[in-house]
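**Q** Fold the stuff below for me.
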Amino acid sequence: MRIATWNINGMKARFSYLARWLADVQPDVVGLQELKMTDDQFPRELFKDAGYHAATHGQKGWNGVAILTREPAEVTQVGLPGQEEMGARLLTVDVADLSFSTVYCPNGKSVEHEDFQRKLSWFDALGAHIAERHHADQPVVLCGDFNIVPAAIDSWNEDRLGGFIFHTEAERSRLKRLLNWGLFDIFRSKHPDQPGFTWWDYRGGAFHKQQGLRIDLVLATANVAERVTAVHLERRWRKKLEGMIPSDHAPMWVDLD
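**A** Next comes the predicted model:
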């Protein structure tokens, strides 16, 4: 079974690129973030033609998440309870033997901005929701764009960026709460010494300068983590492809035995 996550930074702008990736990688379950469209705008029929069922939680012009599945899935949660004003940022389905959630976590803008405190509150709500709705001995996957750099290795320049947005102890402590509950950072478990960047700014040649951040994660409980046979993160899916402009995020996919 192959599961995946990808912040596509706009479905309208990225559909052809995404379709090419789906055909090449053939994932079974995909969590998508930053759709920037409503549910009725989502191209369900096009995904159906490609062999996927789609569950969505969209929003006009901003945010929005979706889950694509090879087999039918049951939607079990739409939105993070109590955080509706923060937009369409969480979706959960039961598919195969997994409870699979995709999240587009708030950015926070800067540590001085009022949205930073809203971001921390959103993560507090996420931690409480996971603990209330799930058990660590169940097969649970929580994936998406977390907008947190977990540790120094996950940043191109921790010395310069430490204490700034994505790099604060306040943010990292919220992520640690999820890990302490019983989730494992799948990429870091398999690749303890690789930066594994997933996002590069479009500006300033950041991608070619290797100035990236690892902010897209696949987290899973132990009985999923022990089934992992491979974790894939390929820079080529962050490159321009036959005239198609990529997202500023790279996709990540995980193979389960």
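**Q** Relative to residue 90, how far out is the spatially most central residue of the chain?
**A** What sits nearest the mean C-alpha location of the chain, by CA atoms, centre = their mean, is residue 144, with 1.2 Å. Using CB to CB, to the nearest Å, residue 144 is found at 8 Å from residue 90. C-beta coordinates here come from the backbone N, C-alpha and C atoms, glycine included.
**Q** Quickly list what's touching both of these two.
**A** Shared contacts of residue 144 and residue 90 (CB atoms under 8 Å, 6 or more residues apart in numbering): 65, 101-104.
**Q** out of the residues you listed, which are inside strands?
**A** 65, 101-104 (DSSP state E).
**Q** which one of the residues you listed is nearest residue 135?
**A** Distance to residue 135, by CB to CB, is smallest for residue 101 among those, at 14.3 Å.
**Q** give me every residue that touches that closest one.
**A** 31, 77, 90-92, 140-144.
**Q** any idea how far the strand or helix carrying residue 224 is from the chain center?
**A** Element membership for residue 224 (DSSP states H and E) is helix 222-225. Offset of helix 222-225 from its chain centre (CA atoms, centre = their mean, to the nearest Å): 18 Å.
**Q** Please apply the same query to stretch 126-145.
**A** 14 Å.
**Q** Dump that stretch to PDB, keeping only the CA atoms.
**A** Only the C-alpha atoms of stretch 126-145 are listed here, as PDB (Å, rounded to 0.1, in the frame of the first residue of the first chain):
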ATOM      1  CA  LEU A 126      -5.400  19.300  17.000                       C
ATOM      2  CA  GLY A 127      -3.600  17.500  19.800                       C
ATOM      3  CA  ALA A 128      -6.700  17.300  21.900                       C
ATOM      4  CA  HIS A 129      -8.800  16.100  18.900                       C
ATOM      5  CA  ILE A 130      -6.300  13.300  18.100                       C
ATOM      6  CA  ALA A 131      -6.100  12.100  21.700                       C
ATOM      7  CA  GLU A 132      -9.900  12.200  22.000                       C
ATOM      8  CA  ARG A 133     -10.800  10.500  18.700                       C
ATOM      9  CA  HIS A 134      -8.100   8.000  18.400                       C
ATOM     10  CA  HIS A 135      -6.000   5.500  20.300                       C
ATOM     11  CA  ALA A 136      -2.200   5.000  19.900                       C
ATOM     12  CA  ASP A 137      -2.700   1.300  19.400                       C
ATOM     13  CA  GLN A 138      -4.900   1.900  16.300                       C
ATOM     14  CA  PRO A 139      -3.600   2.300  12.700                       C
ATOM     15  CA  VAL A 140      -3.600   6.100  12.400                       C
ATOM     16  CA  VAL A 141      -2.000   8.300   9.800                       C
ATOM     17  CA  LEU A 142      -1.800  12.100  10.200                       C
ATOM     18  CA  CYS A 143      -0.100  13.800   7.200                       C
ATOM     19  CA  GLY A 144       0.100  17.100   5.600                       C
ATOM     20  CA  ASP A 145       1.700  20.600   5.600                       C
END
